[in-house]
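Chemist: dropping a prediction and its sequence here:
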Amino acid sequence: MTMTHSTDQIQAAIVETFKTLPDWDSRYKHIIQLGKQLPNMADADKTADNIVKGCQSQVWMTASLNDDGTITFIADSDAVIVRGLISLILRLYSGQTPQTILETRPSFIDDIEMTQHISAQRSNGLHAMIKQIQFYAIAYKMKLEQGL
Amino acid sequence: MTPVMHLNTPSHCTQSPVEPPAGFDAAAIRAQFPVLQREFNGKPLVYLDNAATTQKPRPVIDTITHFYEHDYGTVRRGVYALCEGSTRAYEEARAKVSRFINAPLSCGVIFTKGTTEAINLVATGYGRPNVGRGDEVIVSALEHHANLVPWQQLCKDVGATLKVIPINDAGELDMAAYKKLLSKKTKLVAVTHVSNALGTVNPIKAIIDEAHQAGAVVLVDGAQAASHIPIDVQALDCDFYCFSGHKLYGPSGIGVLYAKICHLDEMTPYQYGGEMIESVTFEESTFTKPPNKFEAGTPPIVQAVGLGAAIDYVNQIGLPTIAAWEAYLLDIATRKLSTIDGLHIVGTAADKVSLISFVMDQAHPLDIGTILDTEAIAIRTGHHCAQPVMKRYNLPATARASFAFYNTVDDVDRLVAGLHKVIELFE
């Protein structure tokens, strides 16, 4: 198994990349690039149950608990910029334990200096996605604690 | 990308260009709207979300500020000068609205907080007593949720049936189907004058006449019409007509319900409270006459005065001139957008207001809106609170650019350039 990077390191790396991008245009280009590279979710998983509510585009998310106690998230959207944001969110949270997920505030959103465009814009579903990830973490944490 | 069904070539493209109204100075008009002078991301704002809400001209802002600084008091409750003055200003605003829509009597004009409240007022105050089990209410497939859900819930509660007038691929109502839906079971027809999602102007006079022949009353949702089309409620002979101040260059928090006085006399109040009461004991209350009967509590005084100022402003330019400039912009924008590869206009009715709903093969509407925002271009993206319309076209969402008379040809060009940027980024 590969060594999991700490969430602090991951957020620092994301922020570092964005700092090298001089303006909004290039930052958006980067997000669009990430969106295009995000692996597609299987169509069979794009069910009503997996829809993340509160997004202007359609967003689907699944979560599965691994044997080592970490959670793998898979998510997709029909909007490319949202896929790019998903890519960043999954990089931070997928593969982490429920405890780590619940302790990790997504500070990179403020630190990539796109707050006016990204965190304030609830319609892109960023908040809804993070909430959904936290719900999964709480559910799996309880499951693990109860030895289920 | 999302498959796009049956999207026609706009009929505009085969016709000769629309001419602008003579002497119309859009730049001078634009200069009267302070917000339109703002820049975002270092670029001048191009505001193309006028179907959601419109910006406010200097005279409206000044009227509101002046009123708060000099004239503000409560209405209809005191004997002192400020109250008398406020009451006069508030009732003068009602008279202006009344003249604006050619209502026969000012007392048929009720101030609400917006079109949504006006429709809910009718659904409750008229619908509850008059629509019963086995009756039918007709709406159209073009309705905003605000003119759909109140009727849907009324029908559920009283055991009535909601019928829907279908649309064709261009986004026009199927009038033959409408006539077939009408019967003696039809108690009420609630239909939008102009579609907020597609821009279609409905043949409202014909709809009203057919409904009346069947013995039904008609409510017209004029939220998207009042800023584009001169309204004459007497010529239309509609039973109810509603619109919002904020879409007519006036303040938010004020709307209008026009109703025939015979209905208002019989309707039950929608809310209860101060100044709508004749006498109150612990056992019984009697209510005043319209309009006060429907304006419980302290009304939106300053908003009404601001709406009056907005109507003065619109009248000064003239709705026919406004409509002519907007038709010119719509024609240019439709032609230019039609030449963009992969762009499909949704809603190609022969009679449209200055609104273009569209999708692109290259990008989701949310992606389009987000990139245009970096260019300081404000459009609407999403389902426009008209999910049944989106479903009709098998689309989850559209992008929508809606033009007002303060928009310029330069705004259209900026939009086109922004859309080319979208293509460049997403292709």
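Modeler: It's in. Residues are numbered from 1 along each chain as shown, chains lettered A, B, ... in the order given.
Chemist: pick out the residue of chain A closest to chain B.
Modeler: Scanning chain A for the residue nearest chain B gives A:Ala79, at 3.7 Å (criterion: C-beta to the nearest C-beta). Glycine gets a C-beta too; all of them are placed from N, C-alpha and C.
Chemist: and that residue, how many neighbours?
Modeler: Using other C-beta atoms under 10 Å in any protein chain shown, A:Ala79 has 28 other residues around it.
Chemist: residue contacts, A:Gln58?
Modeler: Contacts for A:Gln58 (C-beta atoms under 8 Å, 6 or more residues apart in numbering or on different chains) come out as A:46, A:51, A:77-78, B:396.
Chemist: point to the residue nearest the middle of chain A.
Modeler: Centroid check for chain A by C-alpha atoms, centre = their mean gives A:Ile89 as the closest residue, at 2.1 Å.
Chemist: state the phi and psi torsions of that residue.
Modeler: Per-residue torsions, A:Ile89: phi -60, psi -40 (degrees, to the nearest 10).
Chemist: quick check: which element contains the closest residue to it other than its chain neighbours?
Modeler: Spatial nearest neighbour of A:Ile89, excluding adjacent residues (C-beta to C-beta, 6 or more residues apart in numbering or on different chains): A:Met129 at 5.7 Å. According to DSSP states H and E, A:Met129 maps onto helix A:126-145.
Chemist: show me the contact partners of that helix.
Modeler: With contact meaning C-beta under 8 Å, 6+ apart, helix A:126-145 is reached by A:52-55, A:59, A:61, A:63, A:65, A:69, A:71, A:73, A:75, A:85-86, A:89, A:93, A:98-99, A:101-102, A:106, A:109, A:118-119, A:122.
Chemist: list the buried residues for that helix?
Modeler: For helix A:126-145, a neighbour-count test (16 or more other C-beta atoms under 10 Å in any protein chain shown) marks A:126-130, A:132-133, A:136-137, A:140-141 as buried.
Chemist: run the chain-centre distance for that helix.
Modeler: In terms of C-alpha atoms, centre = their mean, to the nearest Å, the centre of helix A:126-145 is found 12 Å from the chain centre.
Chemist: hmm, back to that, now the buried members of the contacts of A:Gln58.
Modeler: Buried, going by 16+ other C-beta under 10 Å: A:46, A:77-78, B:396, out of the contacts of A:Gln58.
Chemist: neighbours around residue 80, how many?
Modeler: Here I'm looking at chain A. 24.
Chemist: wrong one, chain B
Modeler: For B:Tyr80, the count of nearby residues is 10 (other C-beta under 10 Å).
Chemist: contact partners for it?
Modeler: With contacts defined as C-beta under 8 Å, 6+ apart, B:Tyr80 is in contact with B:Gly73.
Chemist: chain A versus that one, what's the distance?
Modeler: 45 Å (C-beta to the nearest C-beta, to the nearest Å).
Chemist: remind me which helix or strand the residue nearest to A:Met41 when sequence neighbours are not counted belongs to.
Modeler: Computed as C-beta to C-beta, 6+ apart, the closest residue to A:Met41 that is not its neighbour in sequence is A:Asp76, at 3.6 Å. A:Asp76 is part of strand A:71-77, with elements assigned from DSSP H and E.
Chemist: what's that strand in contact with?
Modeler: So strand A:71-77 is in contact with A:38-41, A:45-46, A:52, A:55, A:57-66, A:83, A:86, A:89-90, A:93-98, A:101, A:125, A:129, A:133, A:136-137, A:140, B:364, going by C-beta under 8 Å, 6+ apart.
Chemist: what about the helices in the stretch 201-350 of chain B?
Modeler: B:204-213, B:233-236, B:261-266, B:301-317, B:319-338 (DSSP state H, counting those that start in this stretch).
Chemist: what's the most buried one of those helices?
Modeler: Most buried of the helices of the stretch 201-350 of chain B, by mean neighbour count (mean count of other C-beta atoms under 10 Å in any protein chain shown): helix B:301-317, with a mean of 22.
Chemist: next, the buried residues of stretch B:80-89.
Modeler: B:85-87, B:89.
Chemist: which secondary element of chain B has the worst mean pLDDT?
Modeler: strand B:277-280 (a mean of 84; mean pLDDT, DSSP states H and E).
Chemist: give me the sheet partners of that strand and which way each runs.
Modeler: Next to strand B:277-280 in the sheet, as set by DSSP bridges, lie strand B:285-287 (antiparallel).
Chemist: pLDDT averaged over the partner strand - what is it?
Modeler: Regarding strand B:285-287, the rounded mean pLDDT is 86.
Chemist: close to chain B, is stretch A:93-112?
Modeler: No. Between stretch A:93-112 and chain B, judged by C-beta under 8 Å from any C-beta of the partner chain, nothing touches; the nearest distance is 14.8 Å.
Chemist: which outside residues touch that stretch?
Modeler: Defining contact as C-beta under 8 Å, 6+ apart, one finds that stretch A:93-112 is touched by A:4, A:7, A:11, A:14-15, A:18, A:27, A:69-74, A:88-89, A:92, A:115, A:118-119, A:126, A:130, A:133-134, A:136-138, A:140-141, A:144.
Chemist: nothing else from me, thank you.
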